[in-house]
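Enquirer: 3D, please:
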Amino acid sequence: MLLSEFQNIIEGKLIRDGEFDTLEYCTSNCNIAFLTFLENPKYLNELNEKISCVITTEEISKKTPQHIKGIIIADEPRKEFVKLHNFLTDSKVSAIPEFKTEIGENCDISPLALIAEKNVRIGDNVSIGPFTVINNNVFIGDRCKIYEHCVIGGKGFNYVRTNEGEILGMRDMGKIVIEDDVEIYPMCHIAKGPLLTDITRIGKKSKIDALVYIGHGMKIGERSEILAGAQIGGNCVIGDESWIGINATIANRIQIGDNGRVSLGAVVTKNVDMGQTVSGNFAVDHKRFLSELKEANEKAKLRK
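Expert: Numbering: from 1, shown residues only. Below is the predicted model:
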């Protein structure tokens, strides 16, 4: 696609023309030529070399690397990026090719479950409970169990506030991949991402307890356990053999290493190292949490 082809969609001034294959965020590790937006100069040193076109401000446009061929200057680059994304989604210029939904052998699917007629692939020996919704662009491996009242591939929460006070939503184009032997308990929501390259993946043999929210673009490793009520923001990475406690909250773009543990009720705002356990609000290393808690209790006793 040529940037100049979309001047009627993007409100801005075309400085140089360029070609792109998809849309992505500026720090993405996407390996094909893509268009992005850039509003904050702090990201200039982190730009992927596959960025071929950018919607940006006049000031930042003067500092963009030479490998970026196409440039449009706009007052609100993020807004124009979302407008173009929604146009491409609605017009199906850039989308996953459609296919009729495929269901494997020996599956036990409740007649009260709702499965999209297109772009769903379900493996063998899968069970799906009543009132569960499987939306399009969902791929489920073998021997998975998805219990009642779940939403797989539900609407992701992605909005942009404009200078005029408008809240502009993004269409969803991403997909969900659930690998073999995963179990998802009742009333879970696994969100779909807005971008074509935005894949939410749950690794083999992982277990997701009831009432869990998994944000778009999440990557959950193999044999991990996420307990009831956990809320996990978008684009997080959770390693293999990890354990997320009851009612834990994990902010966007957090990475939790293999064998990482998040205690019940913890609010995680920083990355968790491999094998580390964190506790508290905001979460810190578990040993530090216990030490500080003990110290606080001792001071409280002295005050009495």
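Enquirer: Next one: residue 158 from residue 59, what distance?
Expert: As judged by CB to CB, to the nearest Å, residue 158 and residue 59 stand 26 Å apart. In short, each C-beta sits where N, CA and C put it, glycine included.
Enquirer: So for the two, which sits in the more crowded spot?
Expert: residue 158 (22 against 9; other CB atoms under 10 Å).
Enquirer: Would you state the predicted confidence (pLDDT) at the more buried one?
Expert: pLDDT for residue 158: 90.
Enquirer: Now do the contacts for it.
Expert: 169, 170, 172, 193, 194, 216 (CB atoms under 8 Å, 6 or more residues apart in numbering).
Enquirer: Now do the fifth one against residue 276, distance only.
Expert: Per CB to CB, residue 194 is found 31 Å from residue 276.
Enquirer: More neighbours: those two, which one.
Expert: Legend: neighbour count by other CB under 10 Å for residue 194 and residue 276, higher for residue 194 (25 against 16).
Enquirer: Name the helix or strand for that one, please.
Expert: Using DSSP states H and E, residue 194 falls within no helix or strand.
Enquirer: Not counting its neighbours along the chain, what's nearest it?
Expert: Nearest residue to residue 194, sequence neighbours excluded (CB to CB, 6 or more residues apart in numbering): residue 170, at 4.0 Å.
Enquirer: how about the one you found, what does it touch?
Expert: Contacts of residue 170 by CB under 8 Å, 6+ apart are 82, 85, 86, 156, 158, 159, 160, 194.
Enquirer: cool, and residue 286?
Expert: Listed by CB under 8 Å, 6+ apart, the contact partners of residue 286 are 261, 263, 276, 277, 278, 279.
Enquirer: again, but for residue 54
Expert: Counting by CB under 8 Å, 6+ apart, residue 54 touches 26, 35, 36, 37, 38, 61, 64, 68, 70, 71, 72, 77.
Enquirer: burial measure for residue 123, as a count.
Expert: Using other CB under 10 Å, residue 123 has 19 other residues around it.
Enquirer: now do the same end-to-end measure for stretch 222-241.
Expert: End-to-end distance for stretch 222-241: 6 Å, by CA to CA, to the nearest Å.
Enquirer: What segments of the stretch 201-304 of the chain are helices?
Expert: 286-303 (DSSP state H, counting those that start in this stretch).
Enquirer: got the residue ranges for the strands in it?
Expert: Under the criterion DSSP state E, counting those that start in this stretch, the stretch 201-304 of the chain contains strands at 207-208, 213-214, 219-220, 225-226, 231-232, 237-238, 243-244, 249-250, 255-256, 261-262, 267-268, 277-279, 284-285.
Enquirer: Tell me the gap between stretch 74-81 and the middle of its chain.
Expert: The chain centroid and the centroid of stretch 74-81 are separated by 22 Å under CA atoms, centre = their mean, to the nearest Å.
Enquirer: swap that for stretch 242-258, please
Expert: For stretch 242-258, the distance to the chain centre is 14 Å (CA atoms, centre = their mean).
Enquirer: Surely residue 30 is in contact with residue 50?
Expert: Yes: counting by CB atoms under 8 Å, residue 30 touches residue 50, with 5.8 Å between them.
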